[in-house]
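Undergrad: Based on what follows, work out the 3D shape:
(one chain, ligands or ions: 1)
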Amino acid sequence: MSRLLVVVVIFIAIYLLLKYYRKQLPKKDVPGEDTSRRSENMVRCAHCGVHLPKGESIVVDQKNYCSEVHRRAHTDEPA
Ligand SMILES: [Zn+2]
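TA: Just a heads-up that it's a prediction; the model follows:
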């Protein structure tokens, strides 16, 4: 019974340790990692040329737009 208690305590300790390290790591590593990841996923608006995260862009015909307004302005442009 006491052995089970020790195992449980060890598991809780490992859990808390992982939780603690997970909290610590982002603060230290994310800035560099985040910018590299962000620049990887950056796309350019086909209309105004502004750079924005791919997830926030509107993709139409393999072209990226920063907003619905620019998507419309670009595609409705008289040829
Ligand atoms: Zn734009």
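Undergrad: mind listing the helices in this structure by residue range?
TA: With DSSP state H as the criterion, the chain has helices at 2-40, 68-75.
Undergrad: Low-confidence regions, this protein specifically.
TA: Within the chain, the segments meeting pLDDT under 70 span 1, 25-40, 77-79.
Undergrad: how about the residues of this protein that lie near the ion?
TA: Cys45, His47, Cys48, Cys66, His70 (CB under 5 Å from the ion). In short, each C-beta sits where N, CA and C put it, glycine included.
Undergrad: which residues touch the last one?
TA: Each residue near His70 by CB atoms under 8 Å, 6 or more residues apart in numbering is listed here: Cys45, Ala46, His47, Cys48.
Undergrad: among those residues, which two are most distant?
TA: Farthest apart among these by CB to CB are Ala46 and Cys48. That separation is 8.5 Å.
Undergrad: So those two - more neighbours on which side?
TA: Ala46 (20 against 13; other CB atoms under 10 Å).
Undergrad: That one contacts Lys63, correct?
TA: Yes - when contacts are counted by CB atoms under 8 Å, Ala46 is listed as touching Lys63 (4.1 Å).
Undergrad: Please enumerate the shared neighbours of those two.
TA: His74.
Undergrad: number of nearby residues for Val7?
TA: There are 10 residues near Val7, going by other CB under 10 Å.
Undergrad: Tell me, how many residues neighbour Arg71?
TA: For Arg71, the tally of surrounding residues (other CB under 10 Å) stands at 20.
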